[in-house]
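Chemist: sharing a model prediction with you, sequence too.
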Amino acid sequence: MKDKIAIIGLGYVGLPLARLFATKYSVVGFDINQQRISELNQGIDLTLEIEENLLKSVLVDQDSTENGLFCSNQLSDITDCNYYIVTVPTPVDKNNKPDLTPLYKASETVAKVLKKGDIVIYESTVYPGVTEEECVPVLEKLSGLKFNVDFFAGYSPERINPGDKEHTVEKILKVTAGSTLEIGKKVDALYSSVITAGTHLAPTIRVAEAAKVIENSQRDINIAFVNELAKIFNILNINTQDVLEAAGTKWNFLPFKPGLVGGHCIGVDPYYLAQKAIEAGYHPEIILAGRRMNDSMGEYVASQVVKLMIKKEIVLHNAELLLLGITFKENCPDVRNTKIVDIVAALKEYGIKITIYDPWAKPTEVFHEYGLTCHSELVSESKFDAVILGVSHKEFAALDIASLTRSSNVVYDVKGFLDGKVDGRL
(Lines give C-alpha, C1' and ligand atoms only; values in the text may rest on other atoms or scores of the structure.)
Protein backbone atom coordinates (compact mmCIF):
# COMPACT_ATOMS: atom_id res chain seq x y z
CA MET A 1 0.00 0.00 0.00
CA LYS A 2 1.21 3.50 -0.82
CA ASP A 3 2.06 5.47 2.31
CA LYS A 4 -0.26 8.37 3.11
CA ILE A 5 0.55 10.81 5.88
CA ALA A 6 -1.71 12.90 8.10
CA ILE A 7 -0.13 15.86 9.88
CA ILE A 8 -2.21 16.78 12.95
CA GLY A 9 -1.76 20.49 13.70
CA LEU A 10 -0.69 23.01 11.05
CA GLY A 11 1.18 25.63 13.02
CA TYR A 12 4.84 26.63 12.99
CA VAL A 13 5.92 22.97 13.17
CA GLY A 14 3.21 21.09 11.30
CA LEU A 15 2.95 23.18 8.15
CA PRO A 16 6.65 23.16 7.15
CA LEU A 17 6.71 19.41 7.81
CA ALA A 18 3.54 18.82 5.78
CA ARG A 19 4.91 20.90 2.90
CA LEU A 20 8.15 18.89 2.92
CA PHE A 21 6.50 15.45 3.05
CA ALA A 22 4.10 16.55 0.29
CA THR A 23 7.01 16.67 -2.15
CA LYS A 24 7.20 12.87 -2.00
CA TYR A 25 3.96 11.63 -0.40
CA SER A 26 0.24 12.15 -0.38
CA VAL A 27 -0.31 14.32 2.72
CA VAL A 28 -3.41 15.57 4.50
CA GLY A 29 -2.84 18.50 6.82
CA PHE A 30 -5.44 18.42 9.60
CA ASP A 31 -6.27 21.36 11.87
CA ILE A 32 -9.37 22.27 13.86
CA ASN A 33 -9.06 25.95 12.83
CA GLN A 34 -11.35 26.35 9.81
CA GLN A 35 -9.99 29.79 8.94
CA ARG A 36 -6.44 28.45 8.97
CA ILE A 37 -7.46 25.60 6.65
CA SER A 38 -9.18 27.98 4.24
CA GLU A 39 -6.12 30.25 4.10
CA LEU A 40 -3.68 27.38 3.57
CA ASN A 41 -5.69 25.88 0.71
CA GLN A 42 -5.35 29.29 -0.97
CA GLY A 43 -1.59 29.24 -0.41
CA ILE A 44 -1.69 31.78 2.43
CA ASP A 45 0.40 31.14 5.55
CA LEU A 46 0.02 33.91 8.12
CA THR A 47 2.86 32.47 10.23
CA LEU A 48 5.14 33.42 7.29
CA GLU A 49 7.03 30.12 7.55
CA ILE A 50 6.19 29.04 3.98
CA GLU A 51 6.20 31.44 1.03
CA GLU A 52 3.02 31.50 -1.05
CA ASN A 53 4.60 30.12 -4.23
CA LEU A 54 6.27 27.27 -2.33
CA LEU A 55 3.04 26.33 -0.56
CA LYS A 56 1.00 26.50 -3.75
CA SER A 57 3.52 24.24 -5.50
CA VAL A 58 2.50 21.27 -3.32
CA LEU A 59 -1.23 21.91 -2.90
CA VAL A 60 -3.58 19.37 -4.51
CA ASP A 61 -7.33 18.83 -4.65
CA GLN A 62 -9.11 16.65 -2.12
CA ASP A 63 -9.60 13.74 -4.55
CA SER A 64 -6.13 13.86 -6.08
CA THR A 65 -4.17 10.61 -6.27
CA GLU A 66 -0.90 12.47 -6.84
CA ASN A 67 1.64 13.39 -4.19
CA GLY A 68 0.90 16.73 -2.58
CA LEU A 69 -0.83 18.49 0.31
CA PHE A 70 -4.53 18.92 0.98
CA CYS A 71 -5.58 20.73 4.15
CA SER A 72 -8.77 19.87 6.00
CA ASN A 73 -10.62 20.04 9.31
CA GLN A 74 -12.78 17.04 8.44
CA LEU A 75 -12.01 13.74 10.17
CA SER A 76 -13.20 11.78 7.14
CA ASP A 77 -10.27 13.13 5.11
CA ILE A 78 -7.65 11.36 7.24
CA THR A 79 -9.30 7.93 7.57
CA ASP A 80 -7.17 6.33 4.85
CA CYS A 81 -3.79 7.48 6.16
CA ASN A 82 -1.34 5.00 7.65
CA TYR A 83 1.05 7.49 9.28
CA TYR A 84 -0.29 10.08 11.72
CA ILE A 85 2.19 12.75 12.81
CA VAL A 86 1.10 14.91 15.76
CA THR A 87 2.59 18.42 15.85
CA VAL A 88 0.43 20.28 18.36
CA PRO A 89 1.84 22.70 20.98
CA THR A 90 2.72 21.64 24.53
CA PRO A 91 2.38 24.76 26.69
CA VAL A 92 2.51 25.31 30.44
CA ASP A 93 -0.33 26.70 32.57
CA LYS A 94 -0.26 29.86 34.70
CA ASN A 95 1.67 27.95 37.37
CA ASN A 96 4.25 26.71 34.83
CA LYS A 97 2.92 23.17 35.01
CA PRO A 98 2.93 21.13 31.76
CA ASP A 99 -0.42 21.31 29.98
CA LEU A 100 -0.91 18.19 27.87
CA THR A 101 -4.47 19.08 26.84
CA PRO A 102 -3.63 19.73 23.14
CA LEU A 103 -1.76 16.41 23.05
CA TYR A 104 -4.69 14.52 24.59
CA LYS A 105 -7.14 16.13 22.15
CA ALA A 106 -4.95 15.31 19.16
CA SER A 107 -4.58 11.71 20.36
CA GLU A 108 -8.37 11.43 20.67
CA THR A 109 -8.72 12.67 17.10
CA VAL A 110 -6.26 10.12 15.76
CA ALA A 111 -7.81 7.31 17.83
CA LYS A 112 -11.14 7.80 16.03
CA VAL A 113 -9.58 6.83 12.69
CA LEU A 114 -6.79 4.49 13.86
CA LYS A 115 -6.55 1.16 12.02
CA LYS A 116 -4.46 -1.99 12.29
CA GLY A 117 -0.90 -1.42 11.14
CA ASP A 118 -0.99 2.36 11.54
CA ILE A 119 1.91 4.28 13.09
CA VAL A 120 1.35 7.39 15.22
CA ILE A 121 4.39 9.67 15.50
CA TYR A 122 4.61 12.54 17.99
CA GLU A 123 6.76 15.61 17.38
CA SER A 124 5.57 17.76 20.30
CA THR A 125 8.18 18.51 22.97
CA VAL A 126 7.41 16.54 26.14
CA TYR A 127 9.10 15.03 29.17
CA PRO A 128 10.34 11.41 28.94
CA GLY A 129 7.45 8.96 29.03
CA VAL A 130 4.61 11.11 27.69
CA THR A 131 4.24 9.31 24.36
CA GLU A 132 3.91 5.80 25.80
CA GLU A 133 2.46 6.62 29.23
CA GLU A 134 0.02 9.45 28.36
CA CYS A 135 -0.76 9.38 24.65
CA VAL A 136 -0.77 5.67 23.84
CA PRO A 137 -3.42 4.83 26.52
CA VAL A 138 -5.72 7.41 24.87
CA LEU A 139 -5.14 5.78 21.49
CA GLU A 140 -5.82 2.30 22.90
CA LYS A 141 -8.93 3.25 24.84
CA LEU A 142 -10.75 5.07 22.04
CA SER A 143 -9.65 2.86 19.14
CA GLY A 144 -10.05 -0.50 20.86
CA LEU A 145 -6.71 -1.54 19.35
CA LYS A 146 -3.71 -2.98 21.18
CA PHE A 147 -0.43 -1.08 21.28
CA ASN A 148 2.56 -2.74 19.56
CA VAL A 149 0.21 -5.43 18.25
CA ASP A 150 -2.42 -3.61 16.20
CA PHE A 151 -0.83 -0.16 15.99
CA PHE A 152 2.54 1.39 16.80
CA ALA A 153 4.08 4.66 17.94
CA GLY A 154 7.08 6.78 17.07
CA TYR A 155 8.70 9.98 18.23
CA SER A 156 10.69 12.54 16.25
CA PRO A 157 11.06 15.82 18.14
CA GLU A 158 10.56 19.01 16.14
CA ARG A 159 13.55 21.24 15.61
CA ILE A 160 11.84 24.12 13.85
CA ASN A 161 13.32 27.57 14.44
CA PRO A 162 10.48 30.04 13.69
CA GLY A 163 11.44 32.79 11.26
CA ASP A 164 14.70 31.08 10.25
CA LYS A 165 14.83 30.83 6.44
CA GLU A 166 18.29 29.24 6.44
CA HIS A 167 17.86 26.32 8.85
CA THR A 168 14.63 24.95 7.39
CA VAL A 169 13.16 21.60 8.43
CA GLU A 170 14.93 19.52 5.77
CA LYS A 171 18.31 21.04 6.66
CA ILE A 172 18.17 20.13 10.36
CA LEU A 173 19.22 16.63 11.41
CA LYS A 174 16.23 14.76 12.81
CA VAL A 175 16.16 12.45 15.84
CA THR A 176 13.82 9.50 15.36
CA ALA A 177 12.55 6.60 17.48
CA GLY A 178 9.95 3.85 17.43
CA SER A 179 8.02 1.74 19.92
CA THR A 180 9.80 -1.37 18.61
CA LEU A 181 13.11 -1.85 16.84
CA GLU A 182 11.37 -2.54 13.53
CA ILE A 183 9.07 0.46 13.85
CA GLY A 184 12.03 2.65 14.76
CA LYS A 185 13.62 1.73 11.44
CA LYS A 186 10.38 2.49 9.59
CA VAL A 187 10.03 5.89 11.24
CA ASP A 188 13.67 6.66 10.52
CA ALA A 189 13.29 5.63 6.88
CA LEU A 190 10.21 7.85 6.49
CA TYR A 191 12.05 10.94 7.72
CA SER A 192 15.26 10.01 5.91
CA SER A 193 13.36 10.15 2.64
CA VAL A 194 12.86 13.93 2.96
CA ILE A 195 15.40 15.20 5.53
CA THR A 196 18.55 16.01 3.54
CA ALA A 197 20.56 16.72 6.72
CA GLY A 198 20.13 13.10 7.83
CA THR A 199 18.62 11.37 10.85
CA HIS A 200 19.68 9.83 14.14
CA LEU A 201 17.76 6.75 15.25
CA ALA A 202 17.55 6.74 19.05
CA PRO A 203 17.25 3.36 20.83
CA THR A 204 13.92 4.19 22.50
CA ILE A 205 11.17 6.78 22.43
CA ARG A 206 12.06 7.88 25.98
CA VAL A 207 15.64 8.61 24.91
CA ALA A 208 14.40 10.73 22.00
CA GLU A 209 11.98 12.60 24.29
CA ALA A 210 14.76 13.28 26.80
CA ALA A 211 17.16 14.43 24.07
CA LYS A 212 14.70 17.04 22.85
CA VAL A 213 13.78 18.46 26.24
CA ILE A 214 17.43 18.94 27.26
CA GLU A 215 18.29 20.80 24.02
CA ASN A 216 16.24 23.81 25.06
CA SER A 217 16.98 23.41 28.76
CA GLN A 218 20.69 23.69 27.98
CA ARG A 219 20.16 26.91 25.99
CA ASP A 220 17.95 28.29 28.75
CA ILE A 221 20.63 27.74 31.39
CA ASN A 222 23.37 29.27 29.23
CA ILE A 223 21.28 32.37 28.56
CA ALA A 224 20.45 32.61 32.27
CA PHE A 225 24.19 32.65 33.00
CA VAL A 226 24.88 35.59 30.69
CA ASN A 227 21.77 37.37 31.99
CA GLU A 228 23.25 37.14 35.47
CA LEU A 229 26.55 38.40 34.10
CA ALA A 230 24.73 41.37 32.57
CA LYS A 231 23.27 42.27 35.95
CA ILE A 232 26.67 42.00 37.62
CA PHE A 233 28.49 44.03 34.96
CA ASN A 234 25.81 46.69 35.06
CA ILE A 235 26.53 47.19 38.79
CA LEU A 236 30.26 47.30 38.01
CA ASN A 237 29.67 49.79 35.17
CA ILE A 238 31.17 47.45 32.58
CA ASN A 239 29.69 46.99 29.09
CA THR A 240 28.48 43.39 28.88
CA GLN A 241 28.67 43.28 25.07
CA ASP A 242 32.32 44.34 25.21
CA VAL A 243 33.07 41.60 27.75
CA LEU A 244 31.38 38.92 25.65
CA GLU A 245 33.20 40.08 22.53
CA ALA A 246 36.55 39.85 24.30
CA ALA A 247 35.81 36.47 25.88
CA GLY A 248 34.54 35.20 22.51
CA THR A 249 38.04 35.38 21.07
CA LYS A 250 38.76 32.05 22.78
CA TRP A 251 37.98 29.10 20.49
CA ASN A 252 35.74 27.22 22.93
CA PHE A 253 33.81 30.11 24.46
CA LEU A 254 30.07 29.67 23.86
CA PRO A 255 28.56 32.74 22.14
CA PHE A 256 25.39 33.28 24.19
CA LYS A 257 23.94 36.75 24.69
CA PRO A 258 21.73 38.23 27.41
CA GLY A 259 18.08 38.81 26.64
CA LEU A 260 14.45 37.94 27.19
CA VAL A 261 13.72 34.23 26.89
CA GLY A 262 10.22 33.69 25.56
CA GLY A 263 8.62 31.70 22.80
CA HIS A 264 7.18 28.24 22.83
CA CYS A 265 10.39 26.26 23.36
CA ILE A 266 13.27 27.60 25.45
CA GLY A 267 10.99 29.40 27.90
CA VAL A 268 8.69 26.39 28.31
CA ASP A 269 10.50 23.08 27.84
CA PRO A 270 12.65 23.24 31.01
CA TYR A 271 9.44 23.17 33.06
CA TYR A 272 8.54 19.84 31.43
CA LEU A 273 11.82 18.27 32.45
CA ALA A 274 11.60 19.80 35.94
CA GLN A 275 8.09 18.42 36.42
CA LYS A 276 9.17 14.88 35.53
CA ALA A 277 12.21 15.14 37.81
CA ILE A 278 10.03 16.28 40.73
CA GLU A 279 7.61 13.40 40.12
CA ALA A 280 10.61 11.06 40.30
CA GLY A 281 11.63 12.53 43.66
CA TYR A 282 14.44 14.83 42.54
CA HIS A 283 14.33 18.61 42.89
CA PRO A 284 16.19 20.15 39.91
CA GLU A 285 18.15 23.14 41.17
CA ILE A 286 20.06 24.42 38.13
CA ILE A 287 17.15 24.06 35.69
CA LEU A 288 14.72 26.00 37.89
CA ALA A 289 17.34 28.57 38.88
CA GLY A 290 17.87 29.29 35.19
CA ARG A 291 14.12 29.68 34.70
CA ARG A 292 13.84 32.08 37.64
CA MET A 293 16.66 34.21 36.28
CA ASN A 294 15.26 34.39 32.76
CA ASP A 295 11.69 34.99 33.93
CA SER A 296 12.93 37.97 35.94
CA MET A 297 14.51 39.83 33.03
CA GLY A 298 11.43 41.71 31.84
CA GLU A 299 10.98 43.34 35.23
CA TYR A 300 14.73 43.99 35.41
CA VAL A 301 14.71 45.85 32.08
CA ALA A 302 11.76 47.96 33.24
CA SER A 303 13.54 48.85 36.48
CA GLN A 304 16.67 49.92 34.60
CA VAL A 305 14.66 52.14 32.28
CA VAL A 306 12.82 53.75 35.19
CA LYS A 307 16.13 54.50 36.96
CA LEU A 308 17.51 56.12 33.82
CA MET A 309 14.35 58.24 33.42
CA ILE A 310 14.58 59.40 37.04
CA LYS A 311 18.24 60.37 36.57
CA LYS A 312 17.22 62.56 33.64
CA GLU A 313 14.41 64.05 35.74
CA ILE A 314 11.70 62.71 33.44
CA VAL A 315 8.38 62.61 35.30
CA LEU A 316 7.24 58.97 35.26
CA HIS A 317 3.49 59.47 35.62
CA ASN A 318 1.96 59.84 32.15
CA ALA A 319 5.40 59.74 30.52
CA GLU A 320 5.24 58.52 26.88
CA LEU A 321 7.30 55.43 26.08
CA LEU A 322 7.75 53.69 22.74
CA LEU A 323 8.29 49.94 22.86
CA LEU A 324 9.82 48.55 19.67
CA GLY A 325 8.69 44.96 19.15
CA ILE A 326 6.44 42.54 20.99
CA THR A 327 7.03 39.22 19.21
CA PHE A 328 9.16 36.68 21.07
CA LYS A 329 12.00 36.95 18.54
CA GLU A 330 13.17 39.05 15.61
CA ASN A 331 11.68 38.94 12.09
CA CYS A 332 8.93 36.56 13.13
CA PRO A 333 5.19 37.18 13.83
CA ASP A 334 5.01 34.67 16.71
CA VAL A 335 3.87 36.32 19.96
CA ARG A 336 3.47 33.14 22.01
CA ASN A 337 4.96 33.46 25.49
CA THR A 338 6.71 36.72 24.64
CA LYS A 339 8.46 38.22 27.63
CA ILE A 340 8.09 41.74 26.27
CA VAL A 341 4.73 41.78 28.06
CA ASP A 342 6.59 41.53 31.38
CA ILE A 343 8.27 44.85 30.58
CA VAL A 344 4.89 46.38 29.77
CA ALA A 345 3.31 45.14 33.01
CA ALA A 346 6.17 46.49 35.14
CA LEU A 347 6.22 49.90 33.45
CA LYS A 348 2.45 50.36 33.75
CA GLU A 349 2.79 50.19 37.53
CA TYR A 350 4.57 53.56 37.33
CA GLY A 351 1.78 55.13 35.30
CA ILE A 352 3.88 55.23 32.14
CA LYS A 353 1.91 55.36 28.89
CA ILE A 354 3.21 52.75 26.44
CA THR A 355 2.94 52.69 22.65
CA ILE A 356 3.81 49.30 21.17
CA TYR A 357 5.07 49.27 17.58
CA ASP A 358 5.70 45.98 15.80
CA PRO A 359 5.51 45.62 12.00
CA TRP A 360 5.54 41.81 12.27
CA ALA A 361 2.94 41.08 14.95
CA LYS A 362 -0.78 40.83 14.17
CA PRO A 363 -2.54 43.47 16.32
CA THR A 364 -5.64 41.26 16.68
CA GLU A 365 -3.53 38.37 17.98
CA VAL A 366 -1.66 40.60 20.45
CA PHE A 367 -4.93 41.95 21.80
CA HIS A 368 -6.45 38.47 22.00
CA GLU A 369 -3.46 37.02 23.83
CA TYR A 370 -2.54 39.90 26.11
CA GLY A 371 -5.22 42.60 25.90
CA LEU A 372 -2.61 45.05 24.58
CA THR A 373 -2.88 47.46 21.66
CA CYS A 374 -0.14 46.99 19.08
CA HIS A 375 0.50 49.28 16.12
CA SER A 376 1.77 48.06 12.74
CA GLU A 377 2.81 51.59 11.79
CA LEU A 378 4.16 54.62 13.65
CA VAL A 379 2.64 58.06 13.63
CA SER A 380 5.55 60.26 12.55
CA GLU A 381 4.47 63.23 14.68
CA SER A 382 4.68 61.22 17.90
CA LYS A 383 7.30 62.26 20.45
CA PHE A 384 8.39 60.00 23.30
CA ASP A 385 10.17 60.41 26.60
CA ALA A 386 11.72 56.94 26.36
CA VAL A 387 12.28 54.19 23.79
CA ILE A 388 12.95 50.52 24.47
CA LEU A 389 14.25 48.31 21.67
CA GLY A 390 12.81 44.96 22.76
CA VAL A 391 13.03 42.94 19.53
CA SER A 392 15.65 43.36 16.80
CA HIS A 393 13.36 43.37 13.76
CA LYS A 394 15.25 44.35 10.61
CA GLU A 395 12.89 47.30 10.10
CA PHE A 396 14.19 48.93 13.29
CA ALA A 397 17.75 49.24 11.95
CA ALA A 398 16.75 52.19 9.75
CA LEU A 399 14.55 53.85 12.36
CA ASP A 400 15.48 57.45 13.20
CA ILE A 401 14.93 57.29 16.94
CA ALA A 402 16.14 60.85 17.51
CA SER A 403 13.20 62.14 15.47
CA LEU A 404 10.79 60.23 17.71
CA THR A 405 12.04 61.49 21.07
CA ARG A 406 11.84 64.67 23.08
CA SER A 407 14.97 66.64 24.00
CA SER A 408 15.28 64.81 27.32
CA ASN A 409 14.86 61.12 26.67
CA VAL A 410 16.04 57.62 27.49
CA VAL A 411 16.89 54.94 24.89
CA TYR A 412 17.37 51.39 26.15
CA ASP A 413 18.57 48.59 23.86
CA VAL A 414 17.63 45.11 25.10
CA LYS A 415 19.22 43.35 22.10
CA GLY A 416 22.45 45.32 21.59
CA PHE A 417 21.06 46.10 18.13
CA LEU A 418 21.02 49.87 17.81
CA ASP A 419 23.94 51.81 16.42
CA GLY A 420 24.93 55.05 18.04
CA LYS A 421 24.55 56.24 21.61
CA VAL A 422 22.02 54.60 23.90
CA ASP A 423 21.48 55.14 27.61
CA GLY A 424 21.41 51.51 28.58
CA ARG A 425 21.84 47.97 27.31
CA LEU A 426 21.48 44.48 28.72
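Modeler: Done, it's in. Numbers count the residues shown, from 1 in each chain.
Chemist: would you mind giving the domain segments of the chain?
Modeler: Structurally, the chain divides into domains by automatic domain parsing as follows: 4-212, 214-294, 297-425.
Chemist: mean neighbour count and mean pLDDT added to these, as JSON lines?
Modeler: Every residue, glycine included, has its C-beta placed from N, CA and C. Formatted as JSON lines, the domains of the chain follow (neighbours: other C-beta atoms under 10 Å; pLDDT from 0 to 100):
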{"stretch": "domain 4-212", "mean neighbour count": "19", "mean pLDDT": "95"}
{"stretch": "domain 214-294", "mean neighbour count": "17", "mean pLDDT": "94"}
{"stretch": "domain 297-425", "mean neighbour count": "18", "mean pLDDT": "93"}
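Chemist: centre-most residue in this protein?
Modeler: By C-alpha atoms, centre = their mean, the mean C-alpha position of the chain lies nearest to His264, the distance being 3.5 Å.
Chemist: ok, that residue - contacts?
Modeler: 12, 89, 91, 328, 334, 336-337 (C-beta atoms under 8 Å, 6 or more residues apart in numbering).
Chemist: mind redoing it with 7 Å?
Modeler: His264 makes contacts with 89, 336-337, as judged by C-beta atoms under 7 Å, 6 or more residues apart in numbering.
Chemist: Throw those residues into a markdown table and include secondary structure and distance to Asn239, thanks.
Modeler: Shown next, in a markdown table, are the contacts of His264 (DSSP: H, G, I helix; E, B strand; the rest coil; distance: C-beta to C-beta, whole Å):
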| residue | secondary structure | distance to Asn239 |
| --- | --- | --- |
| Pro89 | coil | 38 |
| Arg336 | coil | 32 |
| Asn337 | coil | 29 |
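Chemist: show me which of these is closest to Ile287.
Modeler: Of all these, Ile287 sits closest to Asn337, with 17.2 Å by C-beta to C-beta.
Chemist: contacting residues for that closest one?
Modeler: Counted by C-beta under 7 Å, 6+ apart, Asn337 has contacts 262-264, 267-268, 328.
Chemist: pick out the most distant pair among those.
Modeler: For the contacts of Asn337, the maximum inter-member distance is 10.8 Å, found between Val268 and Phe328 (C-beta to C-beta).
Chemist: would you say Phe328 is within a helix?
Modeler: No. Under DSSP: H, G, I helix; E, B strand; the rest coil, Phe328 falls outside any helix and is assigned coil.
Chemist: where's it relative to Asp3, distance?
Modeler: Distance from Phe328 to Asp3, counting by C-beta to C-beta, to the nearest Å: 35 Å.
Chemist: and if you look at Glu170?
Modeler: Relative to Asp3, Glu170 is positioned 18 Å away (C-beta to C-beta).
Chemist: and the residue nearest to the centre of the chain, what element?
Modeler: Under DSSP states H and E, no helix or strand contains His264.
Chemist: can I take it that Leu322 is in a helix?
Modeler: No. The assignment for Leu322, made by three-state DSSP, is strand rather than a helix.
Chemist: so it sits against Gly390, correct?
Modeler: No. Counting by C-beta atoms under 7 Å, Leu322 does not reach Gly390; the two are 10.2 Å apart.
Chemist: got the phi/psi numbers for the spatially closest residue to Glu320 that is not a sequence neighbour?
Modeler: Leaving aside its sequence neighbours, Glu320 sits nearest to Phe384 (C-beta to C-beta, 6 or more residues apart in numbering; 4.7 Å). Main-chain dihedrals, Phe384, degrees, to the nearest 10: phi -120, psi 150.
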